[in-house]
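> Predicted model follows, preceded by the sequence.
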Amino acid sequence: MPNIIIAIPPQSDAETIVDELVAAARKLQNLRPSEVQIVVSGPEALAQGRKIAADTGIDVCSVPIENPVHATADRFVAILAEVCAKKAPTCVLLPHTAAGLDVSPALAAKLNAACLTGVEKIEPADGRIRFSREIFNGKLMSRLMSETQITVITVQPGAFAPASRQTDAAGAHSVEHFGPYGGRSRFKEIRRQTQDSASLDQAEVLVAAGNGIGEEANLELLRQLASLFAKSAVCGSRPVCDKNWLPHHLQVGVTGNVVSPRLYLACGVSGASQHIAGIRQAKFIVAVNKDPRAAIFNAADVCIVEDLITFIPLLIDTYKNAAC
């Protein structure tokens, strides 16, 4: 029977990603009967493996890396390559995170496998399995089929709702050890940001700045808009934070924060899948973008096609006049 391997990279928060990876694996199982096994590696692999086996009911293989210095992407690639040689999987699933993207291309090259990143949908097509992912900042959907025996897939966060557990029993937990480390990199440290994202977690209204705001000076408009609401904050997409217009602890998306405000006002946000993954839990989304084909409109409840430099001052004036 074909196998599906769910791989949890070192330095990953397993609890936040395993449920969605299991849900994607279940989709594959429904289309092609398969056995699923989870592989977890790193300094905390033993504790993580036991917990995941108990929580999911799926068999877990823990591969400890006692020395944190060796808990690197290239070490995990070597481990997964050996696991795949034993298990002969048809699919290896990883999270579409920085850690997952460090591993997936190198693993695919090592296995001579296809590599499909950011997968959001798995469905049957002509007796085969088709994978879908967004391209061109979410404006188009790419539908792909693998032509290789093994396919390495990264799963877009938020794309697959956690599946119901199939058994009350805990999965089997095994431990394996592989050869000595021979990689070309070593893990040094995780540097925690000096500022936290508590303001985003507590805000009921978030006003988000995208690359479409044009220039840093226009952030003042967004701050004025946010000031109209109690418990509000300004946040940004990755391009805005990479330009240092906003600090990185205010970034929303796959490589930033996942937020769940009552109202999310996206201003000049294109709507790339990495950003959408961070706002799927928002209760109500209003998007302002002058591009009528902006991908953010696919996720928004209210879509406003207008230059935000024109729209936001009108909105602020209208609100203030109505409050008088």
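All right, it came through fine. In this text the structure is predicted, and so the values were computed from the model without any measurement. Numbers count the residues shown, from 1 in each chain.

> Now do the SS call for residue 291.
Assigned with DSSP: H, G, I helix; E, B strand; the rest coil, residue 291 falls in the coil class.

> That one: neighbour count?
15 (other CB atoms under 10 Å). In short, each C-beta sits where N, CA and C put it, glycine included.

> and if you look at residue 145?
Neighbour tally, residue 145, other CB under 10 Å: 13.

> Could I get the pLDDT score of it?
You'll see residue 145 listed with a pLDDT of 95.

> backbone phi and psi for the nearest residue to residue 68 once chain neighbours are set aside, please?
Of all residues not flanking residue 68 in the chain, residue 43 sits nearest, at 4.9 Å (CB to CB, 6 or more residues apart in numbering). Main-chain dihedrals, residue 43, degrees, to the nearest 10: phi -60, psi -30.

> And residue 43, how far from residue 162?
26 Å (CB to CB, to the nearest Å).

> coming back round to it: pull the number of nearby residues for the residue nearest to residue 68.
18.

> Point to the helix or strand of this protein where mean pLDDT is at its lowest.
Ranking every helix and strand in the chain by mean pLDDT, DSSP states H and E puts helix 198-202 at the bottom, with a mean of 78.

> Break this structure into its domains for me.
Following automatic domain parsing, the chain resolves into domains at 3-175, 198-323.

> who wins for proximity to residue 189 among the ones you listed?
Residue 189 lies closest, by CB to CB, to one member of the domains of the chain: domain 3-175, at 8.9 Å.

> thinking again about what came up before, buried residues in the least confident helix or strand of the chain, which are they?
Neighbour-count burial for helix 198-202, with 16 or more other CB atoms under 10 Å as criterion, is recorded at 199, 200.

> what's the answer for stretch 224-243, then?
225-226, 229, 232-241.

> Filter these down to just the ones in strands.
232, 233, 234, 235, 236 (DSSP state E).

> wait, what's in contact with the first one?
The one in question is residue 232. 203, 204, 205, 206, 207, 226 (CB atoms under 8 Å, 6 or more residues apart in numbering).

> Which of those are buried, as a PyMOL select command?
Selection of buried members from the contacts of residue 232 for PyMOL, criterion 16+ other CB under 10 Å:
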select buried, resi 203+205+206+207+226
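
> What is the nearest of the contacts of residue 232 to residue 220?
Nearest to residue 220 among the contacts of residue 232, with distances taken as CB to CB, is residue 226, at 10.7 Å.

> okay but the closest one is in contact with residue 207, surely?
Yes - judged on CB atoms under 8 Å, residue 226 makes contact with residue 207 at a distance of 4.3 Å.

> who touches both of these two?
Common neighbours of residue 226 and residue 207 (CB under 8 Å, 6+ apart) are 232, 233, 234.

> From those, pick the one nearest residue 9.
Proximity of the shared contacts of residue 226 and residue 207 to residue 9 (CB to CB) peaks at residue 233, which lies at 30.7 Å.

> quick revisit: need the contacts of residue 232 in CSV (columns: distance to residue 26).
As requested, these are exported to CSV (distance: CB to CB, whole Å):
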residue, distance to residue 26
203, 34
204, 34
205, 36
206, 32
207, 37
226, 40
